[in-house]
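Engineer: With the sequence up front, the predicted model follows.
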Amino acid sequence: MDHEKRSCPRFDCRGLAGVQRLPADGATFPARIENLSEGGCLMELQVPMELDLNQMVELTFEVNRMAFRVQGQVRSMRSDFQIGFQFRNLSGTRTNQIKDLIEELEAAAAKRRSEILE
């Protein structure tokens with residue numbers, strides 16, 4: 001996790017993903033989602049992609065059999081492969097779907113922690 005202060009906690013997750021520059025040029029770069037919060041996510045690209053800080057992109061990802069397509073903005077670049085995105089222009093419905101997914105991830109993390117303590 002980044003050492004900066006976050007307004008929303010991030011939860012580890014795994015799923016297939018894709019990143020496309022906006023305005024769309026037709027090329028979607030394959031990726032994997034690594035963690036997720038209500039405000040954004042970290043993705044690991046399969047191949048390096050030229051992106052700039054604050055650049056707008058379209059993100060697609062699937063976690064726990066839930067598929068998402070959202071706009072994002074590049075907020076951090078840990079390497080040529082690990083990119084942090086902040087979600088932008090989410091509809092109320094999409095925001096609620098991400099919150100539902102976060103609740104599932106949070107419950108799964110709590111269950112793992114309790115199993116470790118037993």
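Structural biologist: Looks like it arrived, so ask away.
Engineer: how about low-confidence regions in the chain?
Structural biologist: Residues of the chain meeting the criterion pLDDT under 70: 1-6, 118.
Engineer: Show me the strands in it, by range?
Structural biologist: Taking DSSP state E, the strands of the chain run over residues 11-21, 29-36, 40-45, 56-63, 66-77, 82-88.
Engineer: do you know which of these lies nearest residue 107?
Structural biologist: strand 11-21 (10.0 Å; C-beta to C-beta). Glycine gets a C-beta too; all of them are placed from N, C-alpha and C.
Engineer: tell me the angle the closest one makes with strand 82-88.
Structural biologist: Counting by axes from the mean of the first three to the mean of the last three C-alpha atoms, to 10 degrees, strand 11-21 lies at 80 degrees to strand 82-88.
Engineer: Find the centremost residue of the chain, please.
Structural biologist: residue 41 (2.5 Å; C-alpha atoms, centre = their mean).
Engineer: Roughly how far does it sit from residue 17?
Structural biologist: Residue 41 is 8 Å from residue 17, where distance means C-beta to C-beta, to the nearest Å.
Engineer: Over to residue 87?
Structural biologist: 13 Å.
Engineer: These two: who's more crowded?
Structural biologist: More crowded of residue 87 and residue 17, by other C-beta atoms under 10 Å: residue 17, with 24 against 20.
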